[in-house]
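**Q** model this:
(one chain, ligands or ions: 1)
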Amino acid sequence: MDTRPIGVFDSGVGGLTVVKQVMKVMPHENIVYFGDTARVPYGSKSKDAVTKYSLQNVRFLKTKNVKAIIVACNTASSNSLSAMRDATDTPIFGVVVPGVEAAVHATKNNRVGIIGTAATIRSGAYETLIRKQNPNIEVFSKACPLFVPLAEEGWTDNEIARLTAQNYLAEIVAQGIDTVVLGCTHYPLLKRCIGTAVGDSIKLVDPAKATAQQVKTFLAERNGQNTENKEGVRRFYLSDTTNTFAFLCQKALKYPYQAEIIDIEKY
Ligand code: DGL
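**A** Okay, the predicted model is just below:
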């Protein structure tokens, strides 16, 4: 048994969609969340910038004595995972591999859409890994950068969000896909709009569930789970204030958690 917390980070509030699944699958685990709200979005940054930020985030979480780190950010997972793994002995879990496995499992017609930030799509990570698992699958990718500011603003289900989703998604829907991967952890916050834009016949894959399950299995195999008979403690840190954090916590986690502000440049 290991009562140390699990560290989770994202560029902002998107990673809360992963925290939600971690809380569901491992309710006794303590969680330390860091949202890099001072530097969001990551998706429009270079690989070098995303890697620098990711390494700082890992160093910050390590000061909280975490037993594992979940990179609840597709942009960091697809661009900087190996740099993070090289920099620390703490087990690091990304969201891309679980997303790939869920997508390969979900598609019936072997036509899969990937939506994510510009940096995630540019990395080609999803496409490469999906094709490695099944070369018969055709992948259609589309960067949807405006979804992140919409989610950070809490504009997740209004006319602007609906029109944005229709505009971005028409192109990949026209390719006859039967599955679309929400390849950015902010996107599940816009799930309703995205679902309406793609229609009922297309499955939405959120890698968060499979990620949480992967971490649970890893900890269980090493006797590293927190088996205390009480609900885990969740602590939240941000690199800058945001007016919408408590609201989005309420929306994603059903509780308006408060966050502490830290200076991430110190790490
Ligand atoms: N939520 C992150 C992702 O999964 C980052 C979005 C951003 O900051 O652009 O890619």
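
**Q** Just the buried residues of the helix or strand bottoming out on mean pLDDT in the chain, please?
**A** Counting by mean pLDDT, DSSP states H and E, the chain has its least confident helix or strand at helix 245-253, which shows a mean of 87. Residues of helix 245-253 classed as buried: Phe245, Leu248, Cys249, Lys251, Ala252, Leu253 (neighbour count, 16 or more other Cβ atoms under 10 Å). In this view, the C-beta of every residue, glycine as well, is placed from N, C-alpha and C.

**Q** Now distance to the ligand too, for these, in TSV please.
**A** Listed next are the buried residues of helix 245-253 as TSV, based on distance: Cβ to the nearest ligand atom, whole Å:
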residue	distance to the ligand
Phe245	14
Leu248	12
Cys249	15
Lys251	15
Ala252	12
Leu253	16
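
**Q** and the very next helix or strand once past the least confident helix or strand of the chain, what other elements does it pack with?
**A** Downstream of helix 245-253, the next assigned helix or strand under DSSP states H and E is strand 260-261. Judged by 3 or more Cβ pairs under 8 Å, 6 or more residues apart in numbering; DSSP states H and E, strand 260-261 is in contact with strand 234-238.

**Q** Do the strand it packs on and the ligand come into contact?
**A** No: under the criterion of Cβ under 6 Å from any ligand atom, strand 234-238 makes no contact with the ligand; the nearest approach is 13.3 Å.

**Q** Does anything pack onto that strand? Which helices or strands?
**A** For strand 234-238, the contact count by 3+ Cβ pairs under 8 Å, 6+ apart identifies strand 31-35, helix 245-253, strand 260-261 as packing neighbours.

**Q** what residues does the shortest one touch?
**A** Taking Cβ atoms under 8 Å, 6 or more residues apart in numbering as the criterion, the residues outside strand 260-261 that touch it are Arg235, Phe236, Tyr237, Leu238, Ser239, Asp240, Thr241.
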